[in-house]
Structures are given as C-alpha cells and as structure tokens.
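> got a predicted structure here, sequence first:
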Amino acid sequence: MALSIHRESNKEQQMMDSKYVRYTPEQVEVLEMIYVECPKPTSTRRHQLIREHPLLANIEPKQIKVWFQNRRCREKQKKEASRLQTVNRKLTAMNKLLMEENDRLQKQVTNLVYNNGFMRKRLHTVSSTATDTICESVVMSGQQKPTPKHPPRDANNPSGLLTIAEETLTEFLGKATGTAVNWVPIIGMKPGPDSIGIVAVSRNCSGIAARACGLVSLEPTKVAEIFKDRLSWYRDCRCLDIARTIPTVNGGKIELLYMQTYALTTLASGRDFWTLRYTTTLEDGSLVICERSLTSSTGGPTGPPTTCLVRAEMLPSGCLICPCEGGSSIIHIVDHFDLNACSVPEILRPLYESSYILAQKMTMAALRHIKQISQEMNGEIQCSGGRQPAVLRALSQRLCRGFNDAVNGGVDDGWSVMSNDGAEDVTISVNSSPSKFLGSQYNNLSMLPTFGGILCARASMLLQNVPPALLIRFLREHRSEWADYGVDAYAAASLKASSYAVPCAKPGGFPSNQVILPLAQTVENDECLEVVRLEGHRFSPANMYLLQLCSGMDETNNTTCAQLVFAHIDESFGEDAPMLPSGFRVIPLDQKSDWHAAAQTLDLASGLGIGASEVESSNQNLRSVLTIAFQFTFENQYQDSVAAMARQYVRSVVSSVQRVAIAIAPSRLTSHSIPKSNPGSPEAVTLACWVCQSYRVHTGEDLLRADLRADGAILKQLWHHHDAIMCCSVVENASAVFTFANQAGLDMMETTLVALQDIMLEKILDEAGRRILLSKFSNIMQQGFAYLPAGVCVSSMGRPVTYEQVVAWKVVDDSGSNHCLAFMFINWSFV
C-alpha cells in the first residue's frame, strides 16, 4: 500500500515538472540577463541562480534548464532563418544579374546574326569597292566606334568638362550593359552567390579590356568609396593624385586625376595617365563612376608632362553599382586601356597586349577587394592572431609597394644606379633618402649616425617551360635551396640600431629550418600572408622572422602572376615595423587558360618520361619572365662592400633558380629533352632496371609485375609504386646520400629530387634505426638483402614518419659491381 502511494506521488511530481511554466516579465528579464553572460549554465550554476535571484525562487532547476534549452534553440532558429533570408536575397539578386547578362548576350547574338546576314547579302549584290566599304562598316558596328576629335576645351569651363563626362558615361554604359564590346567569358568563372562573379575579356576591339560583374553585401555608396580608393586594391598603382574637383549641376562630381603605375619587370618602364573621373546617379538609383583619359582627341585640359614614364590611355572605363534588396549591390566593372605596347621590348609585349592580364591584375582585383571588405564587415572573416583584417591588408600592401619600388627604382623616389662591375646581369641602385626606411628605429638618425641608405640588387631572366605557380611554391617551401643564412642574418640585424659585419654570400652556407605560420588569406585563397620563423643553429642560435606574402601558387587557378615577397621583422612585429621587401615575381608571357595543365609535382619525375603526351606537348612553348629584387641597408663606410655582397648574392640566387627551373620544367617530360648523365651515373630507365633485377635476384620475388618488358614501363611502374623506394650511394669513407626516390619516397621525405641529393641516410633514421641498419649492413652486402623491423624516421621538414618494415637490398649493375643500396619503406605514414 505504501509502495503504491509512493508511485502515485512520483507520477504527480513528474506531471508537475513537465507542466508548462508561465514566466513573469521580470523573471524573463533576469533569465535573459543571465543568458547573455552564460548561455549554458551547469546544474550547480542553476541552483546558484535560484539562490542569488529571489524572483526565480519559485522555479525548479529543471524548468530553468528547459528555459535555457528553448532559448538556445530559438536563437539557433533565428540565426538559421536570417542566414536563409540572406541566401535568398543573394540568389534573387544573382538571378537578376544572370537575366541581365542573358539579355545582353541575346542582343550580342542578334547583332552578330544580323551583321553576318547583311554582309552575305551585300557580298552578292554590290561591287567589290562597295563591298569593301560595307564590310568595314559592318565590322566596326560590333566594336567600339572611334570617338570624334574635339577642339581643345577650356579647362576653366565646367560645361565643357561635363560634355566629356557625359560622353564617357554613355560609352561606358554601352560596354558595361550593352554590346559595344564583344565580351568572351573566362573559362571557369562560374556565377553563384558565393563566387567572385562573372568575368569576361574583350575580343577584336581596340586596346585591351576586361569586364566583371558580381554581387556584394554592401550599400552602393560604400562600394563607390572603396572602388575610388584605387591605391587600396590596385597593387600596381604607384600614386593617384586628384588635381581638381568640380561639382556638376546634376549633383555629380568631376575629378581630374593623375595616376602612375608600376612596371611589372625591370625591363620596362611604368605608365602614367591623365584622366577625367565622373561620379553621378542614374534615374533608376544606380551609382556610376566612369573615367577616361584626356587627350587631344577628347579635348579638355592638358595633363602634367611625362618624364621617365610612358603615357598610356584609359578608354571609357568605370563601375556601375545597382542597389538591391537587403543592402546589397550588383557591380559591373569595366577596364579598357591602351598601354602603348610598342614602347616595350617585343618579348614583353604580350604583357601589355593581354586582356586576361588586365582582368586578373585590375578588374578581378577590384571585385575581390570589395568582396573581401563586405565579408569582413558582415563578420564572415575572423581576426587572425589578434590582428584586425584591415591591419593585415595594410601589411600586405606595404610588402607589395615596397617590392614594386625596388623593382622599378624610380629616380623621383630617390634611387640612383651604381656603376656595374663589367657585367650587366645585376643592377645595383642606391637610395639615401632617410624616409625610405620606414620605422621608429630610424625616425631619429642619431641612433645610427653612420646609416647610409638602402641598396637594391635586381635582375630579370627569361624562363622556358616553367609554370610560375610551381616555381614560386618551390622557392617558398625550400628556402634553403637558394637562401644564404649569413645574408639573412645581415638583413635581420638592420632592424636594430647597431652595425653588423657584411657577410660574404655563400650559396648553401648553414641551412636553417623554417616554420611557416599563416596569418591571413584573401577571397578564394589566391593570396596568403604568413610569418616565417628561421630557426637558428649552433653557429647562430637566435631565430629570425620574416613577414611573407605569397600569391599565385595554386596552379589550378588561371593566375597571370605568381610572386613571393618577404621582409625581415623583429619578434615584436609592430604594425609600423620597418620593412625592406625583397622577393621573386614570375609572369607568364604566353597567357593560356590551361596554365594549370602544366602543373607537375615538385620533383624531377618529369625527367623520367612520366606523364600524358598531351600535357607534354602543351608545355613546350611556355615562356615567363622572372624578376628578382633584394634590398639591404648599408652604413656609409660599407657601401661598396654591401654592393659587392648583394651582387654576388643575387647571382648565386639566379644560379639556384636556374637549377630549380631546369629541374621542374615540364619540358623534361619528353624523352628527347632528358639530359645525358655523367659517366658512371646511369640513366633513370637503366637504374630502374637494375633496381628491379637486383631485387628479384636477391629475394627471389618480383618487385613489379612480371609481364613488364619495356624499360619505360618498368620505370613508370617503379615511379608509381605505392611504397616508398629510395636509392642511396655507397662510397667508402663518405656518408650515404640519397640519389633517387620514387613519388612515394619524395612524398615521405617531403622533398624533391633536386633537394634529395642533399639528404643523408643517417639523418632521417632515429638512433634505433641507425643501430639496426648498422647490425644488418654486413648481411646486406653478403646476402644481398635484409629486412629491417618497424620504426620511425624523419622527413626533410622534421615530421616523424612510421613504417611497418623496410626491405634493403644491394643494387648491382650489368657488370655485377655494386652500384647503390635500395630501401623500400612499406606502409609508411606521417605520425
């Protein structure tokens, strides 16, 4: 009976607990205040809340738990609903954009069909002379019509400038939304709510032109503000000065601008522009910023004279910003230039005649920057390392501008060229301006009274069949292949207000390990900012730090420029820290949409005849320009010594880069381009045969499939073997170094066939592995092979690697002489 009563009471208690509780407004206010501080209180905390707040005294802890659960659920649902509404607005705006683009394409197709039919009809009905005239008019009808020449207009007459501005507006809108230019979409630029947008380049029009349109979550006025701040997003813009501002009667604004742009390499000059920029609002509420050069054909005031730069022309260009629901904007950007390509060497003219380069470096850069700002303002991008995105962008901008200054060496910036040593491969420039080296340490030169200035050593070279992304990625990941520790130490010491001995540049000095610490990435991860720690060694135990900017390293993207820019920084790494950027820039001269097809792994496997024949043929004529620039500080008494060191160092870097370029060039895929090896060193095919034959003789088993007969097939199978197979030399009284590895072996060692030859066998094995190998060495030499137990080794990057077993065997040549040792690491993996 008592048990029955107890069960009934428990049942009633459960019903009371599950019963809905109506909270008073005062109780809700208290709970909301607690929720802001602690959205998920523990059981102990809930009991504590009841004791601390009298208003909650009549509420059970379980009910408080349920309230917090419901509150978290409501907040989650609210966030999800907000996210879906945002996505819906984006999709609606993107649908509108695609419909407008579809209408434009239909108009373009209609015009082409009409012109084609008109031409065919006239070809059969008129004389040859009339036909020529009609053909010319028909061809010009689908392109931009030449602007009639106007007499010079009074610079002080706003109405004359307004006439030019309105003409510019009309021509710009014809390019942005009409068919004034025949636009060809770039392959791979697919529209979507999270994509950068639709990008196209011109075909068969005067000059070079690019167009991009996309959706951003910003108000039109904010977009206009960002777009007009060209220095913040156009990395090649050297300066932009507003000479005059004139308000117009329709509420718009006319600005006269003078702009200078950097040259891409040391082999060309920069460009300058004298333009009119017109900002106005259309009847539908859209905001327009259009711009064009003022020349003798357009009329208007005359711009400043050109000195060491080449005057180029900006044809009607600009940005159309259409407001959308929810505070978003649809952007149409058009860039149209005549860069006066005839003023540069013929080999560089593709850089100034490519609409694709213009699209990458300017049009898409503007859209990416606006999209990046939009994501930052909407909280889609989090701060990295405690630094605001704007700070990281400013650091990236400083690196790029500093490197561009070094490459260009403008006279008006204070640079002067030193006399060379008889060779003209390296140019040495000096800048003695105290303001050149920015930073608090040098604001007062009395801290270093012997400070002489900045010295820059720069060089350019032509590369053949080397994908830019691949080369830059190699230089980033394998700094020890080209850098000298002593030179790095000298550059790092320049950050301190003390003198430092000038080193003698020795390629390969004391290599140091590097640790890369990412800081930030841009939209689509096309650029990354990172800190590199160069770890010291026993000769110099102090660590050094680099701020490094990498771009264009993804060969799957159609990048027009890949660069690696770095500057030494101190450990404090302040926002106003002094920086002297140095680095590499690789620009392909033969722009192809399938550049990524040229990508290969960072190794010399391309020299082994491995790869698809179509990839081989597509990479035979790829040319690119490599630009190198290194900056150093110097003291007055050491200027000549630093110049000699810098010249020697750049030459050693060029030599290292040439060696790496030859190693990774896809042209080595073809059998006829494999260089002949030295006597006593077998060709890769022969070595593969020796490795497989020796394995079969010593172990009685086949390393590869027994049905392989062709030597090339043996090499290919060995290269793609799933286990790591590596060969090392056996030389008396010398350390065993690796001479060959298949793809799995290079992956395990995290290196390339170039760098593999600098890795010693004893360095990758741990102490237990070295003891076991020493005990088994006699068996290997006498019996021909031995099995080593499971263990751990270390990659070239310092990462531990485990393996289940190692098969070691002696490789003999055709005469029966010992050639090398081979090791097969079975079932290896990174720890």
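Yes, it's here. Note that the structure is a prediction, hence the values are computed from the model and not measured. Residues are numbered from 1 along each chain as shown.
> isn't residue 752 up against residue 474?
Yes: under the criterion of CB atoms under 8 Å, residue 752 makes contact with residue 474 at 7.1 Å. Where C-beta positions appear, they are placed from N, C-alpha and C, glycine not excepted.
> what's the weakest-modelled helix or strand in this protein?
Least confident helix or strand of the chain, by mean pLDDT, DSSP states H and E, is helix 613-618 with a mean of 41.
> so after that helix, what's the next helix or strand?
From helix 613-618 onward toward the C-terminus, using DSSP states H and E, the following helix or strand is strand 623-635.
> next structured bit after that next one?
Sequence order places helix 639-664 as the next helix or strand after strand 623-635, per DSSP H and E.
> what residue ranges in the stretch 451-600 of the chain score low on pLDDT?
451, 495-513, 520-525, 536-541, 555-559, 574, 591-600 (pLDDT under 70).
> just the strands in it please.
For the stretch 451-600 of the chain, applying DSSP state E, counting those that start in this stretch gives strands covering 451-464, 514-521, 527-534, 544-551, 562-569, 582-588.
> out of those strands, flag the one nearest residue 639.
Proximity to residue 639 (CB to CB) singles out strand 451-464 among these, at 5.5 Å.
> in PDB, could you pull the C-alpha coordinates for that closest one?
Coordinates of each C-alpha in strand 451-464 appear next as PDB, following Å, rounded to 0.1, in the frame of the first residue of the first chain:
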ATOM      1  CA  PHE A 451      73.300  54.900 -41.700                       C
ATOM      2  CA  GLY A 452      74.000  55.400 -45.400                       C
ATOM      3  CA  GLY A 453      70.700  54.300 -47.100                       C
ATOM      4  CA  ILE A 454      69.100  51.400 -48.900                       C
ATOM      5  CA  LEU A 455      70.700  49.300 -51.600                       C
ATOM      6  CA  CYS A 456      68.700  47.200 -54.000                       C
ATOM      7  CA  ALA A 457      70.100  44.500 -56.300                       C
ATOM      8  CA  ARG A 458      67.700  43.400 -59.000                       C
ATOM      9  CA  ALA A 459      67.700  41.200 -62.100                       C
ATOM     10  CA  SER A 460      65.300  39.700 -64.600                       C
ATOM     11  CA  MET A 461      65.600  36.500 -66.600                       C
ATOM     12  CA  LEU A 462      63.600  34.600 -69.200                       C
ATOM     13  CA  LEU A 463      62.300  31.100 -68.200                       C
ATOM     14  CA  GLN A 464      61.200  28.400 -70.600                       C
END
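> tilt between that strand and strand 582-588?
30 degrees (axes from the mean of the first three to the mean of the last three CA atoms, to 10 degrees).
> so what strands line up beside strand 451-464?
Next to strand 451-464 in the sheet, as set by DSSP bridges, lie strand 427-431 (antiparallel), strand 623-635 (antiparallel).
> measure residue 564 to residue 532 for me?
Here the criterion is CB to CB, to the nearest Å. By it, residue 564 lies 11 Å from residue 532.
> before we move on, back to that, mind putting the strands of the stretch 451-600 of the chain into a markdown table with mean neighbour count?
A markdown table is the format used below for the strands of the stretch 451-600 of the chain (neighbours: other CB atoms under 10 Å):
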| stretch | mean neighbour count |
| --- | --- |
| strand 451-464 | 20 |
| strand 514-521 | 16 |
| strand 527-534 | 19 |
| strand 544-551 | 22 |
| strand 562-569 | 24 |
| strand 582-588 | 25 |
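> partner residues bridging the closest residue to residue 642 other than its chain neighbours?
Among residues not flanking residue 642 along the chain, residue 634 sits closest, at 4.0 Å (CB to CB, 6 or more residues apart in numbering). Residue 634 forms beta bridges with residue 453, as assigned by DSSP bridges.
> and residue 634, what does it touch?
By CB atoms under 8 Å, 6 or more residues apart in numbering, the residues touching residue 634 are 452-455, 642-643.
> tell me where the stretch 51-200 of the chain is predicted with low confidence.
Short version for the stretch 51-200 of the chain, where the test is pLDDT under 70: 90, 93-94, 97, 104, 108, 126-156, 187-195.
> how about the strands in it?
Secondary structure of the stretch 51-200 of the chain, counting by DSSP E, counting those that start in this stretch: strands at 183-185, 198-202.
> most tightly surrounded among the ones you listed?
Highest mean neighbour count of those: strand 198-202, a mean of 24 (counted as mean count of other CB atoms under 10 Å).
> can you tell me which of the contacts of residue 634 is nearest residue 323?
Checking the contacts of residue 634 against residue 323 with CB to CB, the nearest one is residue 454 at 47.4 Å.
> can I get the strands of the stretch 51-200 of the chain in TSV including distance to residue 813?
Shown next, in TSV, are the strands of the stretch 51-200 of the chain (distance: least, CB to CB, whole Å):
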stretch	distance to residue 813
strand 183-185	57
strand 198-202	56
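> among those strands, which is nearest residue 542?
Closest among those, once you apply CB to CB, is strand 198-202, at 46.8 Å.
> from the contact counts, what lies against the closest one?
Secondary-structure packing of strand 198-202 (3 or more CB pairs under 8 Å, 6 or more residues apart in numbering; DSSP states H and E): strand 183-185, strand 208-216, helix 355-358.
> helix, strand or coil for residue 692?
At residue 692 the chain is in helix, as set by DSSP: H, G, I helix; E, B strand; the rest coil.
> and the nearest residue to it once chain neighbours are set aside, how far from residue 811?
Distances taken as CB to CB, 6+ apart place residue 703 nearest to residue 692, at 4.9 Å, with adjacent residues excluded. For residue 703, the distance to residue 811 equals 11 Å [CB to CB].
> alright, that wraps it up for me.
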